[in-house]
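> The following block contains a protein sequence and its predicted model.
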Amino acid sequence: LVGAELGRLTAALCYSDEPINEDLMIVASGRAAKETEVESGGTIVQLRAIPLIVGGGRIGALVLIRDVTELRRRERELMTKDATIREIHHRVKNNLQTVAALLRLQARRLQVPEGREALEEAVRRVGSIAIVHETLSMAPEEFADFDEIADRVIAMAGEVSAPEAAVTPRRVGTFGVLPSLIATPLAMALTELLQNALQHGRPRRLQVVVEAGGDRLNVVVWDDGRGLPEDFDLDNTTSLGLQIVRTLVEGELSGKLSIEPREGGGTEVTLSIPLPAS
């Protein structure tokens, strides 16, 4: 190396028919405080130049060389893993939409109203899960902007409500970004609660109120509809929707669920869900 030009020598080791990296020549000559990377034979080396200045003039340079092969390999593996996870979410979303379409077709063929209604409820449940996976397929990590998911679930519930009801559910407050382990069951629970309120409560107003902060997420779904039956008991309810909500909130999310009559008429459902430490 004594008497050799570092830039040209390194370029000769790393390149064949490709043009010489100009940054390499600048860094190796020490003309500027810059860094670059060169790759050859599966090895990646980082070069960083520190010009040595004496009396306002450059007398030389200190070139730091670091083998970053393992670091870059891990970064590429993470990028590949993230891309694979997003592709999996995308395919799951497509498969769920196919299942929903098949259920919808089957519902149209049924002549029994109860069977048709049950299949339509299944379509909505599958659809809420598909919304979560669609959002996750566009996210770089296993986190989702739940405000977007909630708004789509709320819109979906409003679209399938009875035309004469003319109810547009509203969201008040912000969910923020939630892990997928919370987003999926929460989206399903929200779908069930909204659908239950629209089908049985016949409200004029329906709201989802969110209070997020600290280590808990509190969600209140209230309506001004007909209210709860006098003999209502959450522990002994025969409603499949409410049984699903209870299983999701208490079993999947380790949260608390309460359903109470609302002051002034209607029903108020409160979800209190613990959030993982950030």
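It's in.
> how close does the nearest residue to residue 134 once chain neighbours are set aside sit to residue 76?
Computed as C-beta to C-beta, 6 or more residues apart in numbering, the closest residue to residue 134 that is not its neighbour in sequence is residue 93, at 4.6 Å. All C-beta spots, glycine's among them, are computed from the backbone N, C-alpha and C. Separation of residue 93 from residue 76 (C-beta to C-beta, to the nearest Å) stands at 26 Å.
> ditto for residue 100
36 Å.
> Have a look at those two and say which one is more surrounded.
Neighbours were counted for residue 100 and for residue 76 using other C-beta atoms under 10 Å; residue 100 has more, 18 against 10.
> I'd assumed residue 130 was in contact with the more buried one.
Yes. Using C-beta atoms under 8 Å, residue 100 is in contact with residue 130, at 6.8 Å.
> What average pLDDT does stretch 108-119 get?
For stretch 108-119, mean pLDDT rounds to 82.
> Do me a favour and get the end-to-end distance for it?
Start and end residues of stretch 108-119 are separated by 9 Å (C-alpha to C-alpha, to the nearest Å).
> Walking through the stretch 151-278 of the chain, point out its strands one by one.
Using DSSP state E, counting those that start in this stretch, the strands of the stretch 151-278 of the chain run over residues 170-172, 177-179, 206-213, 216-223, 256-261, 267-274.
> To residue 104, which of those lies closest?
strand 206-213 (24.3 Å; C-beta to C-beta).
> how much does that closest one deviate in direction from strand 216-223?
170 degrees (axes from the mean of the first three to the mean of the last three C-alpha atoms, to 10 degrees).
> Please name the residues that touch residue 229.
Applying C-beta atoms under 8 Å, 6 or more residues apart in numbering to residue 229 gives no contacts.
> Below-threshold pLDDT in this structure: ranges please.
For the chain, residues meeting the criterion pLDDT under 70 lie at 15-21, 136, 138-141, 160-166, 278.
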